[in-house]
Structures are given as C-alpha cells and as structure tokens.
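Asker: with the sequence up front, the predicted model follows.
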Amino acid sequence: MPDLTLSSAQTIVATALRTAREHSLKPLAVVVYDARGALKAMASEDGTSLRRAEVAMGKANGCLALGLGGRAIHKRAEEQAYFVAAVSHLVGPAAMVPVPGGVLIRDGAEVIGAVGISGDTSDNDELCALAGIEAAGFTAQTGA
C-alpha cells in the first residue's frame, strides 16, 4: 500500500491555505491524516475561530471511519440519521463531522489518507481540500 509522506501532507496543507487566501475565505484549520488515521500535518491560520481544528479532524476522521467522502457522509446522515449518530458515537474522541470539507485522498485505487478543513462554508472548505490534494498529485474523493 502506498504511503502518504510528510512532504505530500505539507503540500496539501500549504496549497489549501494558499487557495483560501486567493479566494479571500475566512481563516481555516487544515488537518491531514494518513490511511491509519495518524496525524501527518495540521495548521490553523491566525484568526481561526475556537475548535476549528477539532471540526477539521472530525471531518477527516469520519471519511476514514466510513471510507466515504464528506458529501456522501452528509447525504447518509440525512437519509440514515440514527446510523451516522451511532457511528459517530463509536468513533469516539476523534469524532465525526458529517459535512463536506472532509475528503479522502486516493493514490490510484488505494485510500492513503484524508483531509479535513473547517473555517468557511463547507463548500469552500472542500474547494481548498481539492486544490491541496491535486497539488500533491493525488485524487480526491468527496462523495459527490
């Protein structure tokens, strides 16, 4: 299985934040986990509101827990609220935030990690995640 390197994770974070500034978005928190759920990189911009990093972690963690992008998890939460609530409880302290802005990172057919971003609208958070993943040379899975 291919690994997500620290260098690639840092590229994802830097590009996501640069994209946010280019679009004049609110300050963001960006989290990158590898496929095991180990933290590879994280940054919170100056002015990011309280607990944005934890929300970003929940978005990425949910993607890894269910093997789905944030959009797919959001749709499932609307259709099967009890299931998503139960999984969120099982996931534990890392939580699960079932909205866009959580994106799986794929290298070919393999899931090698996930990105979670929080701070602006979920759509804008996802836009920045997509830019970061693409810049690192990987494929994003949003669940759209």
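Answerer: Ah, there it is.

Asker: by mean pLDDT, flag the weakest helix or strand of the protein.
Answerer: None of the helices or strands of the chain scores lower by mean pLDDT, DSSP states H and E than helix 81-91, at a mean of 85.

Asker: what are the buried residues along that helix?
Answerer: Residues of helix 81-91 classed as buried by neighbour count (16 or more other Cβ atoms under 10 Å): 84, 87-88, 91. All C-beta atoms are positioned from the backbone trio N, CA, C, and that covers glycine.

Asker: which is the next helix or strand following the top strand by length along the chain?
Answerer: Secondary structure of the chain read by DSSP state E shows that its longest strand is strand 110-118. Downstream of strand 110-118, the first helix or strand assigned by DSSP states H and E is helix 122-135.

Asker: partner strands of the helix or strand just after that following helix, parallel or antiparallel?
Answerer: Where DSSP H and E defines the elements, the next helix or strand beyond helix 122-135 is strand 139-141. Applying DSSP bridges to the sheet, strand 139-141 is found paired with strand 102-107 (antiparallel).

Asker: could you measure from the residue sitting nearest the centre point of the chain over to residue 33?
Answerer: Central residue of the chain (Cα atoms, centre = their mean): residue 116, 2.0 Å from the mean position. Distance of residue 116 to residue 33, given as Cβ to Cβ, to the nearest Å: 8 Å.
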